[in-house]
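# Coordinates for the following, if possible.
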Amino acid sequence: MSVSTAARVDTRKTLGYRAFHTLLHIIWIALFRPRVIGREKIPETGPILLAPIHRSNIDFAFILFLTKRKTFFMGKDSLFRIPILGSLCTAMGAFPVKRGTADRESLETAQRILEAGEGLVLFPEGTRKEGMAVETLQNGAMFLASRTGALVIPVGIGNTQRAMPKGAIFPRPVRVTIVIGDPIAVPMVDGRASRAAIAESTEHLRASLESVYRQSMNADN
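Got it, this is the predicted structure:
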């Protein structure tokens, strides 16, 4: 069964989306009592690229608490071949990406989403990391932002590595705090961004992401 990203991007809040969204809210509130700081920094309209810290497999679900807007995100292509799960991923705004390769189709899908003025979630660290420090990031987020005019918003999600650490099968109840940083725009000259501007903006994102992550971890201390 092949996976076509073009057919799987649906901006509607379908019945499946609303049902799973509501169910996940109920479960997540009961388990994690999520608190959001800085929600007002997320624009209600226009292209946005939410760039969260990545310390646990449950990180993606906390994005649902940040905005009423439907957001889209990449998921492993193998998930979309599993009956029911694939349909659920699609309903929640996910589209497939082939990990470990330069998946041009998924990048084109991400760009189309932003060009349409929608919201995209992209973990700038790429994979799950450990520790408080945020290491050097790839330029992908800022490259997409430079092509689409999207604002990039750093998101710190504190304590998910305690709630569901690497290797755990089930999460455990832990208070999670989410801190949203100031939006970052790539400097443009004559409608284009230089490689240097993209690199500088990526470093700005790295520093901002580390800052909001530390704030989210210290919020309850």
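# On the three-state scheme, residue 120 is what?
strand (DSSP: H, G, I helix; E, B strand; the rest coil).
# thinking it is in contact with residue 49, fair?
Yes. Using Cβ atoms under 8 Å, residue 120 is in contact with residue 49, at 5.1 Å. Every residue, glycine included, has its C-beta placed from N, CA and C.
# Residues that sit against both of these two, list them.
By Cβ atoms under 8 Å, 6 or more residues apart in numbering, residue 120 and residue 49 have these common neighbours: 114, 144, 150.
# Centroid-nearest residue for the chain?
Closest to where the C-alpha atoms of the chain average out (Cα atoms, centre = their mean) is residue 121, at 2.8 Å.
# need the longest helix for this protein.
helix 195-218 (DSSP state H).
# buried ones in that one?
197-198, 201-202, 204-206, 208-217 (16 or more other Cβ atoms under 10 Å).
# Work out for me the element residue 17 sits within.
Using DSSP states H and E, residue 17 sits within helix 15-32.
# Quick one: list the elements packing against the helix or strand following that helix.
Past helix 15-32, further along toward the C-terminus, the next helix or strand under DSSP H and E is strand 35-37. Other helices and strands packing on strand 35-37, by 3 or more Cβ pairs under 8 Å, 6 or more residues apart in numbering; DSSP states H and E, are strand 177-180.
# Now do the buried residues in the strand it packs on.
177-180.
# Beyond the helix or strand bottoming out on mean pLDDT in the chain, next helix or strand please.
Lowest mean confidence among the helices and strands of the chain (mean pLDDT, DSSP states H and E): helix 85-91, at a mean of 73. The C-terminal neighbour of helix 85-91 among helices and strands, as given by DSSP H and E, is strand 94-97.
# Please write out the alpha-carbon positions of the following helix or strand past that next one in CSV.
Scanning forward in sequence from strand 94-97, with DSSP H and E defining helices and strands, the next element found is helix 104-115. Taking C-alpha atoms only, helix 104-115 is exported to CSV below (Å, rounded to 0.1, in the frame of the first residue of the first chain):
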residue,chain,number,x,y,z
ARG,A,104,11.4,15.6,-0.9
GLU,A,105,7.7,14.7,-1.1
SER,A,106,7.2,15.3,2.7
LEU,A,107,9.1,18.6,2.5
GLU,A,108,7.0,19.7,-0.4
THR,A,109,3.9,18.8,1.6
ALA,A,110,5.2,20.8,4.6
GLN,A,111,5.8,23.8,2.3
ARG,A,112,2.3,23.6,0.8
ILE,A,113,0.8,23.6,4.3
LEU,A,114,2.7,26.8,5.3
GLU,A,115,2.0,28.5,2.0
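# Tell me the buried residues in helix 104-115?
Across helix 104-115, burial judged by 16+ other Cβ under 10 Å covers 105-107, 109-114.
# Could you list the low-pLDDT ranges of this protein?
1-9, 79, 84-85, 99-103, 220-221 (pLDDT under 70).
# would you list the shared contacts of residue 120 and residue 49 in TSV and tack on distance to residue 163?
Shown next, in TSV, are those (distance: Cβ to Cβ, whole Å):
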residue	distance to residue 163
114	30
144	29
150	29
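# In contact with residue 45, which residues?
Counted by Cβ under 8 Å, 6+ apart, residue 45 has contacts residue 117.
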